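# just need the structure, nothing else, for what follows:
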Amino acid sequence: MYNTLYQYLILYKQLSLQGVGTISLQRNSSQLDFANKTFSAPTYSFVINNKNDKPSKKLFDWLSLIMGVSEWDAIKMVNDFSFDLKNKISSGDETSWDKIGVLRREETGNIVLESSLYHPGSEQPVVAERVIRENVQHTMRVGEMEKTSTEMEEMLVVKEKQRDWALMVAVVLTVLAVMFIGWYFSEKGLQPSAAGNRTVINVK
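Residues are numbered from 1 along each chain as shown. A predicted model of the protein is given here:
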């Protein structure tokens, strides 16, 4: 019965048992393996919720079909299994359910599940490599105009060249100004009068 109900749980992701709770299949995110440059396949674990323990009619119908028994017999089989499982857990023993995990009762009265991991064979690790696409163009909006990425790159290159040229002219003018000032003071001297107007005005 353990294996049959396990198959139902994997198929429908949820199994409710009277007096035990609802065991659900929970998907865990994949992990990045930096060393091997891969994303591991997602893993699955099982969790239990003690509050909801009412079996669904879907379980009885499925079990009736799989086992080839009447729905009444299917209900009796599930109830007997749930009763036995609950008693084992309540007696203080840890109950191992193959491929699902270990069930036990806490001091608070809640049933907890130490889950096993479930690895679907259909999901495999994925290689994590950066994709570099060369010479790929895309359209972007600049104001009211649409331009391609190539056109924008060309515009930026032109603006950069213009900015470099303007900077070069400013540097040259600054150097010439410093050279002129140096020459002027070397010729006229460093006296304060050298920087003033030396024209003599005769007053009559």
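
# please count neighbours and contacts with C-alpha atoms only from this point.
Noted.

# helices of the chain, start to end?
Ranges of helices in the chain, per DSSP state H, are 2-12, 57-67, 71-90, 149-188.

# the second one vs helix 71-90, what angle?
Put plainly, it is helix 57-67. Taking axes from the mean of the first three to the mean of the last three C-alpha atoms, to 10 degrees, one finds helix 57-67 and helix 71-90 inclined to each other by 110 degrees.

# now render the helices of the chain as JSON lines, adding mean neighbour count.
What follows is the helices of the chain, written out as JSON lines (neighbours: other C-alpha atoms under 10 Å):
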{"stretch": "helix 2-12", "mean neighbour count": "14"}
{"stretch": "helix 57-67", "mean neighbour count": "15"}
{"stretch": "helix 71-90", "mean neighbour count": "16"}
{"stretch": "helix 149-188", "mean neighbour count": "12"}
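
# same list (the ones you listed) but as CSV, adding distance to Val20 and mean pLDDT.
Output for these, formatted as CSV (distance: least, C-alpha to C-alpha, whole Å; pLDDT from 0 to 100):
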stretch, distance to Val20, mean pLDDT
helix 2-12, 14, 94
helix 57-67, 15, 95
helix 71-90, 6, 94
helix 149-188, 62, 73
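
# quick one, domains of this protein?
For the chain, automatic domain parsing gives the domain ranges 2-127, 140-192.

# which of the helices of the chain sits closest to His119?
For His119, the closest of these is helix 2-12, at 11.0 Å, according to C-alpha to C-alpha.

# thinking again about what came up before, which one of the helices of the chain lies nearest to Trp97?
Comparing the helices of the chain by C-alpha to C-alpha, helix 2-12 comes nearest, at 7.1 Å.

# for that closest one, packing partners?
Where contact means 3 or more C-alpha pairs under 8 Å, 6 or more residues apart in numbering; DSSP states H and E, helix 2-12 is packed against strand 14-17, strand 21-28.

# what does the longest one contact?
Put plainly, it is strand 21-28. Residues from elsewhere that reach strand 21-28 (C-alpha atoms under 8 Å, 6 or more residues apart in numbering): 9-10, 13-16, 42-54.

# that one to helix 71-90, inter-axis angle?
Angle, strand 21-28 to helix 71-90, by the same axes, to 10 degrees: 80 degrees.

# what strands line up against strand 21-28, and which way round?
When pairing is defined by DSSP bridges, strand 21-28 lines up against strand 14-17 (antiparallel), strand 43-49 (antiparallel).
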